[in-house]
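S.K.: Test case, fold it:
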Amino acid sequence: MAGDGPTSFWPLFGLVVRTPRLELRLLREEEFADLVEVIDAGIHDPAAMPFFFPWTDAEPRRRAREAAQWMWRHRANWLPDSWTLTCGVFVGGKPIGVQDVGAQRFRAVRSVETGSWLGRAHQGHGLGREMREAVLHLAFAGLGAAEALSGAFEDNVSSLATSRAVGYEENGEARGHRRDGSARTLRFRLGRDDWERRRRSDIEILGLEECLDMFVGPPS
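M.R.: Residues are numbered from 1 along each chain as shown. Here you go, the predicted model:
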């Protein structure tokens with residue numbers, strides 16, 4: 001078993017979602033530095049803040065350390081009743097951003113929530129939509145989700161446009177903390193029937209069977 005590497009005891013390392021344009025998979029530690037380069041090159045206009053937690057405001061060394069801690073934390077705290085899969089978005093073998101999907105008591109509730117970011121150099125080319133459709137394929141086709149939720153500040157135009165483009169419908173609003181103040185956020189929901197009507201046939205999921213119990217628990 002040891003010869004199979006960490007995939008033998010952490011099979012999420014073997015999970016890949018592949019589209020014609022990109023792949024979603026866990027980052028290996030030796031790839032963290034490549035992701036930090038993407039972060040350092042910029043994710044958003046510094047005058048704006050698309051994230052609920054302003055992690056991009058930190059100075060570069062602290063920001064890199066906290067990004068690594070964030071990915072480690074999701075792995076260390078993984079339980080079938082509470083998980084967040086934090087995937088690197090890879091194009092040509094290099095990470096260009098992050099796409100995550102998480103759930104609480106997924107086996108019973110069948111609801112997931114997604115979040116993502118993409119390096120500024122890679123924005124405006126349809127990759128934000130492509131990575132969202134990839135993770136939704138994992139959630140609905142792979143895991144059997146009943147719904148997917150998302151949200152963003154009302155001035156995060158690209159995120160809102162992506163949600164609408166892939167079929168989400170507005171599902172309420174709230175105030176969200178942003179830096180030292182707050183701003184209006186919009187909530188979105190995509191139900192399984194709406195996803196099925198837009199379902200793509202060119203997205204491939206590899207390695208899910210080996211780690212499915214990590215998402216839904218052992219067979220009953």
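S.K.: pLDDT on the top helix by length along the chain, on average?
M.R.: Looking across the chain with DSSP state H, the single longest helix is helix 60-76. In this model, helix 60-76 has a mean pLDDT of 96.
S.K.: Helix or strand next in line after the strand or helix carrying Trp83, which one?
M.R.: Secondary structure assigned from DSSP states H and E places Trp83 in strand 82-91. Counting by DSSP H and E, the next helix or strand C-terminal to strand 82-91 is strand 94-104.
S.K.: Tell me which other helices or strands the helix or strand of the chain with the lowest mean pLDDT touches.
M.R.: None of the helices or strands of the chain scores lower by mean pLDDT, DSSP states H and E than strand 169-178, at a mean of 93. On a contact count with 3 or more Cβ pairs under 8 Å, 6 or more residues apart in numbering; DSSP states H and E, strand 169-178 meets strand 147-153, strand 181-191. In this view, the C-beta of every residue, glycine as well, is placed from N, C-alpha and C.
S.K.: any idea how far the first one is from the chain center?
M.R.: What that stands for is strand 147-153. In terms of Cα atoms, centre = their mean, to the nearest Å, the centre of strand 147-153 is found 11 Å from the chain centre.
S.K.: Kindly report the same for the last one.
M.R.: Shown here is strand 181-191, whose average C-alpha point lies 17 Å from the average C-alpha point of the whole chain (Cα atoms, centre = their mean).
S.K.: so what strands line up beside that strand?
M.R.: strand 147-153 (antiparallel), strand 169-178 (antiparallel) (DSSP bridges).
S.K.: For that strand, give the mean pLDDT please.
M.R.: For strand 181-191, mean pLDDT rounds to 95.
S.K.: And stretch 94-102, by the same measure?
M.R.: Here the average pLDDT along stretch 94-102 is 98.
S.K.: Identify each buried residue in it, please.
M.R.: Buried residues in stretch 94-102, counted by 16 or more other Cβ atoms under 10 Å: 95-101.
S.K.: Throw those into JSON lines and include distance to Ala134, thanks.
M.R.: JSON lines is the format used below for the buried residues of stretch 94-102 (distance: Cβ to Cβ, whole Å):
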{"residue": "Pro95", "distance to Ala134": "14"}
{"residue": "Ile96", "distance to Ala134": "13"}
{"residue": "Gly97", "distance to Ala134": "12"}
{"residue": "Val98", "distance to Ala134": "13"}
{"residue": "Gln99", "distance to Ala134": "7"}
{"residue": "Asp100", "distance to Ala134": "12"}
{"residue": "Val101", "distance to Ala134": "10"}
